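Visitor: sequence and predicted model, in that order:
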Amino acid sequence: MKELDAVVLADDLPEHGLRAGDLGTVVLVHRADAGYEVEFTTLGGETVAVVTLLASQVRPTGRQEIAHARLLAG
């Protein structure tokens, strides 16, 4: 994965209001496969969280996947 790639969160991160399956954008790549800074935004463009994640916590989006919307808790 590289900067500006869309990714899918693999784990719930309740401390950030994020759930597995949420879509984010890679904003910084750490050393090869060490991890990523990922920004999660609302559909209106408001940043929900920018989180440092391990490579195992995100995956690329798939060509046969469909996006799903949900309201943020709180």
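Guide: Yes, it's here. Numbering: from 1, shown residues only.

Visitor: all helices of the protein, in order?
Guide: Counting by DSSP state H, the chain has no helices to list.

Visitor: what residue is smack in the middle of this structure?
Guide: Nearest residue to the geometric centre of the chain (Cα atoms, centre = their mean): Gly24, 3.0 Å.

Visitor: quick one: residues contacting that one.
Guide: Counting by Cβ atoms under 8 Å, 6 or more residues apart in numbering, Gly24 touches Ala6, Val7, Val8, Leu9, Val38, Glu39, Phe40, Thr41, Val51, Val58. For every residue, glycine as well, the C-beta is placed using N, CA and C.

Visitor: so it bridges to which residues?
Guide: Val7 (DSSP bridges).

Visitor: pLDDT at it, what is it?
Guide: Predicted confidence (pLDDT) for Gly24: 98.

Visitor: against Glu46, how distant is it?
Guide: As defined by Cβ to Cβ, to the nearest Å, Gly24 lies at a distance of 14 Å from Glu46.

Visitor: what number of residues lie near His16?
Guide: Applying other Cβ atoms under 10 Å, we find 14 residues neighbouring His16.

Visitor: now Ala67. Nearest residue, chain neighbours left out?
Guide: Nearest non-adjacent residue to Ala67, counting by Cβ to Cβ, 6 or more residues apart in numbering: Leu23, 6.5 Å away.
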